[in-house]
Every structure is written in structure tokens, then in C-alpha cells.
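# got a sequence here, can you build the structure:
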Amino acid sequence: MNETTVTVDVFCNWEDQPQAYRIYVDETLLTERSYLWRNTEQFVQENMLLDLGPGVHTFRLEPVNPEFTGFYIKNLTVNKIAAESHNGQFVLN
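Predicted coordinates for the structure are as follows:
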């Protein structure tokens, strides 16, 4: 296992009520957070320090309310290098 830093910018388009989200890497829940900020001015940068081995890993952001579809991410990096993500999957060598 190696210490791995995964960083991602989380954005949310909400109107009337703030929404909440969960972040998973593989099947491990890392955080659940309410999103209170407005996208026109702010976003949340999640910084996760993980103990991951080589191979394929999966990053997943899901809304707490499954009917809400306004979350999106940008700038997924692994160890400060832009990650090539395919359906949330990235590879560690």
C-alpha cells in the first residue's frame, strides 16, 4: 500500500435547498457533506489522503437525495497529476 492523495473540485447547482453528497473511493465512504455554497462564486475542493495499492480504483460522488442531479466534479488528480478517469475509475501504478 502507498500513501496516495486524491483531490477533486466539487460543484453543485442547487436552487431552493442546499444539498448533501457522499464521496467514496472504491467502496469506502470518505465523507458526507452538506453543500452550502453557490457555484457562481465557490466550489469545494476535497483533499483525500488514502492508503491505496496499485491497480484500478473507483472514485464516486453521489447525492444523499438520489433524485438530485446537480452535482458535478472537475480536476480529479491523483498525487498532483491529472487523473484519466473512465466512469470514475483511475489506475495507480
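# hey, let's count contacts and neighbours off CA atoms from now on
OK.
# residue ranges for the strands of the chain, please.
Remark: strands of the chain, listed N- to C-terminal, are 2-12, 19-25, 28-35, 44-52, 55-63, 71-78, 81-82, 89-92; assignment by DSSP state E.
# let me have those in CSV, adding mean pLDDT and mean neighbour count as columns.
Shown next, in CSV, are these (pLDDT from 0 to 100; neighbours: other CA atoms under 10 Å):
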stretch, mean pLDDT, mean neighbour count
strand 2-12, 93, 18
strand 19-25, 97, 18
strand 28-35, 96, 13
strand 44-52, 95, 14
strand 55-63, 95, 16
strand 71-78, 92, 16
strand 81-82, 88, 12
strand 89-92, 88, 15
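# hmm, Thr92 is touching Asp51, no?
Check again: residue 92 is Leu, not Thr. No. Here Leu92 lies out of contact with Asp51, judged by CA atoms under 8 Å, at a distance of 11.4 Å.
# quick one: residues in contact with stretch 78-89.
Outside stretch 78-89, the residues within contact range by CA atoms under 8 Å, 6 or more residues apart in numbering are 4-7, 56-60, 75-77, 90.
# right, I'll leave it there.
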